[in-house]
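Engineer: Predicted structure and sequence below. I'll ask about it afterward.
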Amino acid sequence: MSFNGYGVWAIYRFEMARALRTLWQSVVTPVITTALYFVVFGSAIGSRMTEIDGVAYGAFIVPGLIMLSLFTQSIFNASFGIYFPKFTGTIYELLSAPVSPLEIVIAYVGAAATKSAVLGLIILATASFFVPLQILHPVWMLGFLILISTTFSLFGFIIGIWAQNFEQLQFMPMLVVTPLTFLGGAFYSIDMLPEPWRTVTLFNPVVYLISGFRWAFYESSDVSLAVSASATLGFFLLCLAVVGWIFRTGYRLKN
Amino acid sequence: MQPVITIEGLTKTYKSGLQALKPVDLTIRKGEIFALLGPNGAGKTTLISIVCGIVTPTSGRVVADGHDIQADYRRARMKIGLVPQELTTDAFETVWATVNFSRGLFGRPPNAAYVEQVLRDLSLWDKKDAKIMTLSGGMKRRVLIAKALSHEPDILFLDEPTAGVDVELRKDMWAMVRRLRERGVTIILTTHYIEEAEEMADRVGVILKGELILVEDKAELMKKLGKKTLTLHLQEPLAALPPELGEWSLELRDGGEALDYVFDSNADRTGVPSLLRRLSDLGIGFKDLSTRQSSLEDIFVGLVHGSQAEAA
Ligand SMILES: Nc1ncnc2c1ncn2[C@@H]1O[C@H](COP(=O)(O)OP(=O)(O)OP(=O)(O)O)[C@@H](O)[C@H]1O
Ligand SMILES: [Mg+2]
């Protein structure tokens, strides 16, 4: 046996079943949160805002909002998926099973990425009720959606392995990713910022992810497509390398 | 006898610096029931965890069913089932889902008929749709056993299977272990209780402070372990042992008020009746008497002293 397909499928299904059991948490909560953003930013504030790059403000924020959910949900799902068995002790079974590190990553990260990609599409559908949407490059849009879901799920997987308590599990999404997303042009174009903040913002990696995704919708972007696409891919490869290192060294998984 | 697990020079030092296993060499024979006996913290779980792939060894080698557990972990692990010491289960899954999950995880295609049989054998069939958290502790342990058997392993590890289990479940468990053995499954179990090893095992290994100090056929071991102590509480304290009692290895304690006699309860002649006769001849009266089986601790201490004496 060179690939334990049954094993990967078992984990994947287990993780998906967990999401279905907590459907309220996994889907309804983010949808309601997003809807609230539209009410506040899209209707209340957006009506007083001018268009950005020829896009109505309410529509402009849609890609940023989806990204915000993708980031936090991917991290949350993947980190929780691997942290929880560590916490309860059921990880013994995973460690004693004939599954390779790669298979474990494919199963957990694949499940987390599936969940957040589906969630992204649900939010997109929700948004279409509030604002006129336009997707100029649907294939790129889907490409970014899947790549970013996968990347942040990998990132979340790393956090889940690294974390030794629930505070550490919350730390990254709450204190790093959410602020970076808010400051990374989720709700505005960074061209609107005065110097030196515009330049400072370019050091925020999230800018590149949001910019590429928004380009797929409206062809309006803060940085060029090539730059944002390679930044996204670069982050993906970085996370992959860290996961590889974790498994080579057995870091924090085995005694 | 064909070996099914070969352990050579296995050591484990945890990150804390604690050496949980001194070099351990052990061969488990195909189809036997092997009991690993030892007090708390002896290293039983550590040893099992290494063979199952949960703990990384510091040095040494383990081959399970012809496959190196590190180089060829996939094939080695497919052969092995583990019932852990702790009751660690998912809470929200159903029994049916969790057992099928385990089967898949270990690379086996779905087989509803087999899983049903496992659940029936463990009297869990009527609970198959129950969420695990609604089960009692004893049932959770059965679920863990079902999970361990779900992929049809040839080698089964039971880490303290009867801890916190009532008499009935214990009997069920032993019956199940025997059935598995009849099917050719090799079983390695850990326990604190000599009686359990006595009841179940073909061979017994005693582990103490990370050292495997003895591996023996059960019958042999029981001879060694069958020591009892007779304590006589004397009416009048004795200042010293009278020379007339030299035949028996006696010990005077409690300021001469009690007399201890260690004897082999399995022997044809224990020396107890003759001792009592001699005492009455000498006019040494006693108020009370008691005998007690040597405790596991006593036996371990005895074994360690024995092994040190041999080494000297
Ligand atoms: N993860 C760990 N880190 C550090 N030390 C550990 C770890 N796990 C076990 N130990 C130590 O290793 C020694 C052996 O522990 P182990 O769990 O193997 O004993 P055991 O024989 O199974 O005991 P028990 O009968 O109580 O289950 C103990 O001193 C224990 O404290
Ligand atoms: Mg133990």
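Structural biologist: Okay, I see it. Ligands and ions are numbered 1, 2, ... in the order given.
Engineer: how about stretch B:119-130: buried residues?
Structural biologist: Using 16 or more other Cβ atoms under 10 Å in any protein chain shown as the test for burial, stretch B:119-130 gives B:L119, B:D121, B:L122, B:L124, B:K127, B:K128. Where C-beta positions appear, they are placed from N, C-alpha and C, glycine not excepted.
Engineer: Any part of it near chain A?
Structural biologist: No. On the criterion Cβ under 8 Å from any Cβ of the partner chain, stretch B:119-130 is out of touch with chain A, staying 14.3 Å away.
Engineer: three-state assignment of B:I5?
Structural biologist: At B:I5 the chain is in strand, as set by DSSP: H, G, I helix; E, B strand; the rest coil.
Engineer: who touches it in this structure?
Structural biologist: B:L26, B:T27, B:I28, B:V51, B:V62, B:V63, B:A64, B:D65, B:I155, B:T186, B:I188 (Cβ atoms under 8 Å, 6 or more residues apart in numbering or on different chains).
Engineer: Spatially nearest residue to B:V51 (excluding sequence neighbours)?
Structural biologist: B:V62 (5.5 Å; Cβ to Cβ, 6 or more residues apart in numbering or on different chains).
Engineer: And the residue most central in space within chain B, how far from B:P84?
Structural biologist: Central residue of chain B (Cα atoms, centre = their mean): B:T191, 3.0 Å from the mean position. As for B:T191, its distance to B:P84 is 15 Å (criterion: Cβ to Cβ, to the nearest Å).
Engineer: go on, A:G54?
Structural biologist: 62 Å.
Engineer: Compare these two and say which is more crowded by neighbours.
Structural biologist: In this view A:G54 and B:P84 are compared by other Cβ atoms under 10 Å in any protein chain shown, and B:P84 has more residues nearby, 25 against 9.
Engineer: That one against B:V143, yeah?
Structural biologist: No. Counting by Cβ atoms under 8 Å, B:P84 sits too far from B:V143 to count as a contact (11.9 Å).
Engineer: hang on, the earlier thing: contacting residues around the residue nearest to B:V51?
Structural biologist: The contact partners of B:V62, taken as Cβ under 8 Å, 6+ apart, are B:I5, B:T6, B:I7, B:E8, B:L10, B:I50, B:V51, B:D68, B:I69, B:Q70.
Engineer: What's the nearest residue in chain B when you look at ligand 2?
Structural biologist: Chain B approaches ligand 2 most closely through B:T45 (3.1 Å), counting by Cβ to the ion.
Engineer: In stretch B:233-247, which residues are buried?
Structural biologist: Going by neighbour count (16+ other Cβ under 10 Å), the buried part of stretch B:233-247 is B:L234, B:L245.
Engineer: Against ligand 1, how distant is whichever residue of the stretch 1-150 of chain A sits closest to chain B?
Structural biologist: In the stretch 1-150 of chain A, the residue that lies nearest chain B is A:A10 (3.1 Å; Cβ to the nearest Cβ). Separation of A:A10 from ligand 1 (Cβ to the nearest ligand atom, to the nearest Å): 27 Å.
Engineer: Quick check: the gap between the closest residue to A:D222 other than its chain neighbours and A:S189.
Structural biologist: Nearest residue to A:D222, sequence neighbours excluded (Cβ to Cβ, 6+ apart): A:S211, at 4.3 Å. Counting by Cβ to Cβ, the separation of A:S211 from A:S189 is 9 Å.
Engineer: Who has more neighbours out of these two?
Structural biologist: Counted by other Cβ under 10 Å, A:S211 and A:S189 do not tie: A:S211 has more neighbours, with 27 against 16.
Engineer: And the more buried one, which helix or strand is it part of?
Structural biologist: Per DSSP states H and E, A:S211 falls inside helix A:205-218.
Engineer: returning to what we had before: out of the buried residues of stretch B:119-130, list just those in helices.
Structural biologist: Among those, the ones falling in helices (DSSP state H) are B:L119, B:D121.
Engineer: Turn the buried residues of stretch B:119-130 into TSV, columns for pLDDT and distance to A:V131.
Structural biologist: Formatted as TSV, the buried residues of stretch B:119-130 follow (pLDDT from 0 to 100; distance: Cβ to Cβ, whole Å):
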residue	pLDDT	distance to A:V131
B:L119	94	53
B:D121	89	60
B:L122	89	57
B:L124	92	53
B:K127	94	51
B:K128	93	49
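Engineer: quick one: which of the buried residues of stretch B:119-130 is nearest B:E93?
Structural biologist: B:K128 (11.5 Å; Cβ to Cβ).
Engineer: so who does that closest one touch?
Structural biologist: With Cβ under 8 Å, 6+ apart, B:K128 has these contacts: B:T94, B:V95, B:W96, B:L119.
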